[in-house]
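**Q** Sharing a model that was predicted from the sequence below.
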Amino acid sequence: MRLQTLLHAVFPPECLCCGARVETDFAICGPGWGDTPFVFGAACDLCGVGLPGQSAGGGRLVCEDCHVIARPWAKGRAVLHYADHGRKLVLGLKHGDRAEVARAAGPWLARAGADILQDDPLILPIPLHRRRLAERRFNQAALLAQALARTSGRDWLADGLIRPRHTATQDGRDRDGRFANLDGAIRVHPRRAAQITGRRVILVDDVMTSGATFSAATQACLAVGAEQVCVIALARVARDA
């Protein structure tokens, strides 16, 4: 008997969202798909939020937020809306030690970012400050970046970016407060700058809300000569979420 078969006999695969039995590891059950808000169809080209009922018509779709907020990156993608099972998956990964969510998300991220993964980009996770990393014991963005790199076959650096300044939580802050809180908080690791200069970069994080974190990281990459920066989040918080 194969080891995987034996493991499944003892520990049957469970749905990532509800715990129901499923056929394969890292899967979502049939009913669960209906409550998992994947971003399909039309979406903002800068932040990835879904735009129901809209069509690019050969042009570029940009949501209301991205018309108002300057985005330093070139393109943005998102896998899920931060609602229903999308929110449950993100919180499970971030606070519930559910690393299997990142493993499942690798192919989802690769699908959502198929166009920005062309031309051999370098994948970088949004960093955590060492204090927060010690509290959480892992960086969820790094798990997602690793899963995306494994699925897509692209290079990634776990420590390409650093967060030398500890910042207070973004919870409860308005948009301007979020950007002010992250101003200058993220930098390129001094020993990794040469690997980022001249490269196309994809930044990976679990959630995009205002975009302040991605903006700080993008500016850090551009400051050392990155050719272009794109971003991708597992989930995007919509304006009315």
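**A** Okay, I see it. Residues are numbered from 1 along each chain as shown.

**Q** Relative to residue 103, how far out is residue 148?
**A** 11 Å (C-beta to C-beta, to the nearest Å). From N, CA and C alone the C-beta is placed, and that goes for glycine too.

**Q** Who has more neighbours out of those two?
**A** residue 148 (27 against 19; other C-beta atoms under 10 Å).

**Q** what's the helix or strand for the nearest residue in space to residue 98 that is not next to it in sequence?
**A** Of all residues not flanking residue 98 in the chain, residue 92 sits nearest, at 4.0 Å (C-beta to C-beta, 6 or more residues apart in numbering). If you go by DSSP states H and E, residue 92 is part of helix 84-95.

**Q** picking up where we left off before, tally of neighbours for the residue nearest to residue 98?
**A** For residue 92, using other C-beta under 10 Å, the count is 18.

**Q** And for residue 60?
**A** Other residues near residue 60 come to 10 when the count uses other C-beta under 10 Å.

**Q** So the closest residue to it other than its chain neighbours versus residue 230, what's the distance?
**A** Leaving aside its chain neighbours, residue 60 sits nearest to residue 45 (5.0 Å; criterion: C-beta to C-beta, 6+ apart). Using C-beta to C-beta, residue 45 is found at 10 Å from residue 230.

**Q** Reduced to three states, what does the closest residue to residue 71 other than its chain neighbours come out as?
**A** Nearest residue to residue 71 in three dimensions, chain neighbours excluded: residue 46, at 4.9 Å (C-beta to C-beta, 6+ apart). Three-state call for residue 46 (DSSP: H, G, I helix; E, B strand; the rest coil): coil.

**Q** rewinding a little: contact partners for the residue nearest to residue 98?
**A** By C-beta atoms under 8 Å, 6 or more residues apart in numbering, the contact list for residue 92 reads 16, 98, 101.

**Q** Let's see which of the residues you listed end up in strands.
**A** Among these, none falls in strands (DSSP state E).

**Q** now, which of the residues you listed lie within helices?
**A** residue 101 (DSSP state H).

**Q** any idea which of the contacts of residue 92 is closest to residue 82?
**A** Set against residue 82, the nearest of these by C-beta to C-beta is residue 101 (13.7 Å).

**Q** For stretch 152-160, C-alpha coordinates in CSV please.
**A** Extracted in CSV, the C-alpha atoms of stretch 152-160 (Å, rounded to 0.1, in the frame of the first residue of the first chain):
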residue,chain,number,x,y,z
SER,A,152,4.8,28.4,-11.5
GLY,A,153,8.5,27.4,-11.6
ARG,A,154,9.6,31.0,-10.9
ASP,A,155,12.4,32.2,-8.6
TRP,A,156,11.5,33.6,-5.2
LEU,A,157,13.4,35.2,-2.3
ALA,A,158,12.0,34.7,1.2
ASP,A,159,14.1,37.6,2.6
GLY,A,160,14.2,40.0,-0.3
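
**Q** Helix or strand with the lowest mean pLDDT in the protein?
**A** Least confident helix or strand, the chain: helix 3-10 with a mean of 40, by mean pLDDT, DSSP states H and E.

**Q** Following element in sequence after that helix, please.
**A** Next along from helix 3-10, by DSSP H and E: helix 30-34.

**Q** average model confidence for that following helix?
**A** In this model, helix 30-34 carries a mean pLDDT of 72.
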